[in-house]
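> pasting a predicted model and its sequence here:
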Amino acid sequence: MADFSSAARTIASQCALVRVRRASRALTRLYDDSLRPLGLQATQLTMLVAVATCGDQGVRLSALADGLVMDRTTLTRNLLPLEKAGLLRVARAPDDARVRLIFLTRQGERAIEAAFPLWERTQKHVREQLGPGQADALREELGRVVEMATRTERAPAPEQPATPARPATPAPAATPARPGKRRAT
């Protein structure tokens, strides 16, 4: 078994997840900086656009969560500021009160329209830096990664526990009862 620091170095240098998360944070920061004048974050614009693509009938919260590859609790928490800002409206489905539908408001449409030139300028910058062929290839490859990672079959379960077993620690010594108190038995 490799020692801890060797394992950490190997994971840091070879793990696709580490690189994807670093790239995601860097790109998010780049888009966040460009959208800052509007008071929007890239993740918020992504949610607005996802709702907008569903049309006037709105979208079920569960379908939006699946489409954005987010759990419903996180999505609900992230939708709240957009709802408070009047960019989205959340309503119960008329046929099933348990189902929540998300609608883009007129104000949300205007936010997307205002964000588009800022997003487009940043998108152009990214394409220029990577090169159009590389940018397209990256987009396609990331689509395949999402497809692979969201399939129902998951990575095989480990044969051994993920963390090494630790030696049993001795039980703490019994503390004496405080005077005037009886111990429960």
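Alright, I've got the coordinates.

> list the contacts of whichever strand or helix holds residue 126.
Assigned by DSSP states H and E, residue 126 belongs to helix 106-130. Contacts with helix 106-130, where a contact means C-beta atoms under 8 Å, 6 or more residues apart in numbering, come from 27, 30-31, 34-35, 37-38, 40, 45, 48-49, 51-52, 82, 85-88, 104, 135, 138. Where you see a C-beta, it was placed from the backbone N, CA and C, and this is true even at glycine.

> now stretch 87-99
Residues from elsewhere that reach stretch 87-99 (C-beta under 8 Å, 6+ apart): 44, 47-48, 51, 58, 60-62, 79, 82-83, 100-105, 107-108, 111.

> buried residues, it. List them.
87, 88, 89 (16 or more other C-beta atoms under 10 Å).

> about what we covered before: among the contacts of stretch 87-99, name the buried ones.
Neighbour counting with 16+ other C-beta under 10 Å marks 44, 47-48, 51, 58, 61, 79, 82-83, 100-105, 108, 111 as buried within these.

> which of these fall in helices?
If you go by DSSP state H, those have 44, 47, 48, 51, 61, 79, 82, 83, 108, 111 in helices.

> isn't the second one up against residue 82?
Put plainly, it is residue 47. Yes: assessed by C-beta atoms under 8 Å, residue 47 is found in contact with residue 82 at 6.4 Å.

> pull the longest strand from this structure.
Taking DSSP state E as the criterion, the chain has its longest strand at strand 96-104.

> now do it, average pLDDT.
What strand 96-104 shows for mean pLDDT is 95.

> hang on, the earlier thing: could you give the angle of the helix holding residue 126 to strand 96-104?
With axes from the mean of the first three to the mean of the last three C-alpha atoms, to 10 degrees applied, the angle from helix 106-130 to strand 96-104 works out at 60 degrees.

> beyond helix 106-130, next helix or strand please.
With secondary structure assigned by DSSP H and E, helix 106-130 is succeeded by helix 132-150.

> which parts of that next one are buried?
Across helix 132-150, burial judged by 16+ other C-beta under 10 Å covers no residue at all.

> quick one, phi psi at the residue at minimal distance from the centre of the chain?
By C-alpha atoms, centre = their mean, the chain has its centre lying nearest to residue 70, at 5.4 Å. In terms of degrees, to the nearest 10, the main-chain angles of residue 70 are phi -130, psi 150.

> shaky segments in this protein?
Residues of the chain that meet the criterion pLDDT under 70 lie in 1-2, 152-185.

> can you rerun that using 50?
174-185 (pLDDT under 50).
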